[in-house]
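>>> The following comprises the amino acid sequence and a computationally predicted model.
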Amino acid sequence: MKNIEVCTVEECNSLGKKVLTIDGQEILLIHSDGEYFAVDNICPHARTRLISGRVEEGTLTCSNHGACFDLKTGEIRVDKIDEDLLEQIDVDNLPFGPLKTYPLQITNGMIVITV
Ligand code: FES
């Protein structure tokens, strides 16, 4: 595990979302409602990039089929999954796992991600 300074808080605030490539891994940095989150940029359902997803109320919804993930835990929010996707899957036996999340901290105005 290592800590990496990725950008300033101001830069993240102005962009809202930013894709980072760290050791070949795409990580999505998100600023929402005063909080910061770092998650994989690739949806675990069918590998769509999540940069185009919708962020609201601490969740990220994939733009492809509507899977919704909790930004803190990466767990799937079944209560917010798109109805079309719900009809295709068994919610008691989800065919894909949670979204990977990364711890982060803010140090001297810099966002530091642990990978
Ligand atoms: S690829 Fe993200 S929900 Fe299907």
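Cool, the structure landed.
>>> got the CA coordinates for the longest strand along the chain in CSV?
Assignment by DSSP state E gives strand 25-32 as the longest strand of the chain. Output of strand 25-32 as CSV, limited to C-alpha atoms (Å, rounded to 0.1, in the frame of the first residue of the first chain):
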residue,chain,number,x,y,z
GLN,A,25,-5.4,1.3,-12.8
GLU,A,26,-8.1,3.9,-13.7
ILE,A,27,-9.4,5.5,-10.5
LEU,A,28,-12.2,8.0,-10.4
LEU,A,29,-11.9,10.8,-8.0
ILE,A,30,-15.2,12.4,-7.1
HIS,A,31,-16.2,15.6,-5.2
SER,A,32,-19.8,15.6,-4.1
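>>> Name the residues of it that are buried.
Neighbour counts using 16 or more other Cβ atoms under 10 Å place 27-32 of strand 25-32 among the buried residues. Bear in mind the C-beta positions are built from the backbone N, C-alpha and C, glycine included.
>>> How about stretch 83-90?
Buried, per 16+ other Cβ under 10 Å, within stretch 83-90: 85, 89.
>>> same question, stretch 96-105
Within stretch 96-105, the residues scored as buried using 16+ other Cβ under 10 Å are 99, 101-102, 104.
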